[in-house]
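K.L.:
Return atomic coordinates for the entry below.
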Amino acid sequence: AIRSFCTSEGASTRTSFALSLAAEELCANIIQYGFNDGKQHSIDVRICKLTDGWMMRIRDDCQLFNPVQYVEMYNESDPTAHIGIRMTQGLVRKIEYISALKLNNLLLEMNR
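P.N.:
Okay, here's the model as predicted:
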């Protein structure tokens, strides 16, 4: 759905693919690690077209967790460790984590 939306709004094939891949990787991590406490949770993904690119916000109500800081703190020599967030960092121009109202908000900006 992300690829179709972005393509229909004028994104390049590369950008559409990168945004959908990033969403798939990050949401899979949220489900695997955040949904394991027996409680009901939600994930909200929003895509915004900017004048100079795209922004994707992934918001969840799981336990507070900053994946960007985690990868920086545990920068292992194994290149496959934390591959989803590392790959995502390589695809986007900016990635930022914000905790607000007990929600995780991951913001990704990408060029057109």
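
K.L.:
Residue ranges in this protein under the pLDDT threshold?
P.N.:
Low-confidence segments of the chain, defined by pLDDT under 70, are located at 74-76.

K.L.:
ok, which stretches of it are helices?
P.N.:
Remark: helices of the chain, listed N- to C-terminal, are 2-8, 13-29, 67-73, 83-91; assignment by DSSP state H.

K.L.:
To residue 102, which of those helices lies closest?
P.N.:
Between residue 102 and the helices of the chain, the tightest spacing by C-beta to C-beta is seen for helix 67-73, at 16.8 Å. Where you see a C-beta, it was placed from the backbone N, CA and C, and this is true even at glycine.

K.L.:
And the closest one, what does it pack against?
P.N.:
helix 83-91, strand 94-100 (3 or more C-beta pairs under 8 Å, 6 or more residues apart in numbering; DSSP states H and E).

K.L.:
So residue 20 sits against residue 3, correct?
P.N.:
Yes - the criterion here is C-beta atoms under 8 Å, and residue 20 meets it with residue 3 at 4.5 Å.

K.L.:
what about residue 78, neighbour count?
P.N.:
Burial measure for residue 78: 8 neighbouring residues, criterion other C-beta atoms under 10 Å.

K.L.:
circling back: deepest of the helices and strands packed on helix 67-73, which one?
P.N.:
Across the helices and strands packed on helix 67-73, the average number of neighbours (mean count of other C-beta atoms under 10 Å) peaks for helix 83-91, which reaches a mean of 16.

K.L.:
Find out how far that one is from the centre of the chain, if you would.
P.N.:
Centroid displacement of helix 83-91 relative to its chain, using C-alpha atoms, centre = their mean, to the nearest Å, is 9 Å.

K.L.:
Now do that helix against strand 94-100, angle only.
P.N.:
On the basis of axes from the mean of the first three to the mean of the last three C-alpha atoms, to 10 degrees, helix 83-91 is oriented at 120 degrees to strand 94-100.

K.L.:
mind saving the C-alpha coords of stretch 52-72 as CSV?
P.N.:
Output of stretch 52-72 as CSV, limited to C-alpha atoms (Å, rounded to 0.1, in the frame of the first residue of the first chain):
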residue,chain,number,x,y,z
ASP,A,52,11.8,18.4,-1.0
GLY,A,53,11.0,14.7,-0.3
TRP,A,54,9.0,12.5,1.9
MET,A,55,8.4,11.9,5.6
MET,A,56,7.2,8.7,7.3
ARG,A,57,6.1,8.6,10.9
ILE,A,58,5.8,5.3,12.6
ARG,A,59,4.0,5.6,16.0
ASP,A,60,3.4,2.8,18.5
ASP,A,61,2.1,2.5,22.0
CYS,A,62,4.5,-0.2,23.2
GLN,A,63,7.1,0.1,25.8
LEU,A,64,9.3,3.2,25.2
PHE,A,65,12.2,2.3,23.0
ASN,A,66,14.6,4.4,20.9
PRO,A,67,15.9,2.1,18.1
VAL,A,68,18.4,4.8,16.8
GLN,A,69,20.0,5.2,20.3
TYR,A,70,20.0,1.4,20.8
VAL,A,71,22.0,0.8,17.6
GLU,A,72,24.4,3.6,18.6
